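Chemist: generate a structure from the sequence data that follows.
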Amino acid sequence: MGNPNCERYLFLVHRHMSRPSPFRPPPPVEPPAVSAEMALAYQRYWRFNLRLIAGLLTLGGLVTFALPFAARELNEISFAGFRLPFYFGAQGAILIYLALVVSYIVLMQRADRILRQHADAPANGKPQPSTS
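Modeler: A predicted model of the protein is given here:
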């Protein structure tokens, strides 16, 4: 039998579903035009970003996969009183991952500052005095 309140308003659902949708996607927004120098600065920025990510992921992969494979050879080396494979298994790898994240943050902040300087520079090529 069902809920009588639901059956009373069922015609609204059918009427709404039979209408064409009033939603039309907005037209695509064109990005603002940039100078050739700014386009080159963006290209350098993203190339640096991709190379940095690839390098840091490579280092992380070496720490994750290469060090365990070389554990027997590294067993002769001790660090802070512990054998090197034990140190990396216990805490060294985590510290290296943390250093990779911090280095990415620091290097990308530097790259952002450089890109911001290119964006703030006037079109005539004369550099603006820095306020910081």
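Chemist: burial measure for residue 70, as a count.
Modeler: Residue 70 has 12 neighbouring residues, counting by other C-beta atoms under 10 Å. Glycine gets a C-beta too; all of them are placed from N, C-alpha and C.
Chemist: how about it, phi and psi?
Modeler: Main-chain dihedrals, residue 70, degrees, to the nearest 10: phi -100, psi 20.
Chemist: repeat for residue 79
Modeler: Taking degrees, to the nearest 10 as the convention, residue 79 sits at phi -140, psi 120.
Chemist: gap between it and residue 94?
Modeler: 15 Å (C-beta to C-beta, to the nearest Å).
Chemist: what about the chain, any weak spots by pLDDT?
Modeler: 1-22, 122-132 (pLDDT under 70).
Chemist: now the strands: where do they sit in it?
Modeler: Ranges of strands in the chain, per DSSP state E, are 78-79, 82-83.
Chemist: of those strands, which is nearest residue 103?
Modeler: strand 78-79 (20.8 Å; C-beta to C-beta).
Chemist: and the contacts of that closest one?
Modeler: 84, 87, 92 (C-beta atoms under 8 Å, 6 or more residues apart in numbering).
Chemist: who are the packing partners of the lengthiest helix in the chain?
Modeler: Criterion DSSP state H: the longest helix present in the chain is helix 93-120. If you count contacts as 3 or more C-beta pairs under 8 Å, 6 or more residues apart in numbering; DSSP states H and E, helix 93-120 packs onto helix 36-61.
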